[in-house]
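**Q** fold the stuff below for me.
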Amino acid sequence: MGGEGSMLHAIKSLKYNRDQLRARINRNSKKSNSNSSQHKTKVQFKQSTPEDMIIIREKIRGYKREEFKLYLISFVVMLCILGCIGYLLYNL
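**A** Residues are numbered from 1 along each chain as shown. This next block holds a predicted model:
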């Protein structure tokens, strides 16, 4: 009967994966013990004022408007090109 070799390989592969998983869990537990809170870097972000937030919002809105105009113009141009190609193909 065929298939014994493939089943043997599957069993070996499962055992190997299980051993690798155990090894990884052991490595991670050692790392977590060595990283205490005193070794971690704490980042302090600058707090923005409401005036800064308004300026940032306006900049983002301006970028979005420009992006929308670009998309709209490219859509209209592509539509015109496709219309011209369709017209030429239909009339020939």
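**Q** what is the least confident helix or strand in this protein?
**A** Least confident helix or strand, the chain: helix 4-34 with a mean of 76, by mean pLDDT, DSSP states H and E.
**Q** next SSE after that helix?
**A** Counting by DSSP states H and E, the next helix or strand C-terminal to helix 4-34 is helix 50-91.
**Q** and this structure, what are its domains?
**A** The chain breaks down by automatic domain parsing into domains covering 1-30, 49-92.
**Q** against S6, how distant is S13?
**A** Per Cβ to Cβ, to the nearest Å, S13 is found 10 Å from S6. C-beta coordinates here come from the backbone N, C-alpha and C atoms, glycine included.
**Q** ah, wrong one, I meant N17
**A** To S6, N17 is 16 Å away according to Cβ to Cβ.
**Q** with V76 instead?
**A** Noted for V76: a distance of 59 Å to S6, by Cβ to Cβ.
**Q** likewise for I85?
**A** Distance, I85 to S6, by Cβ to Cβ: 55 Å.
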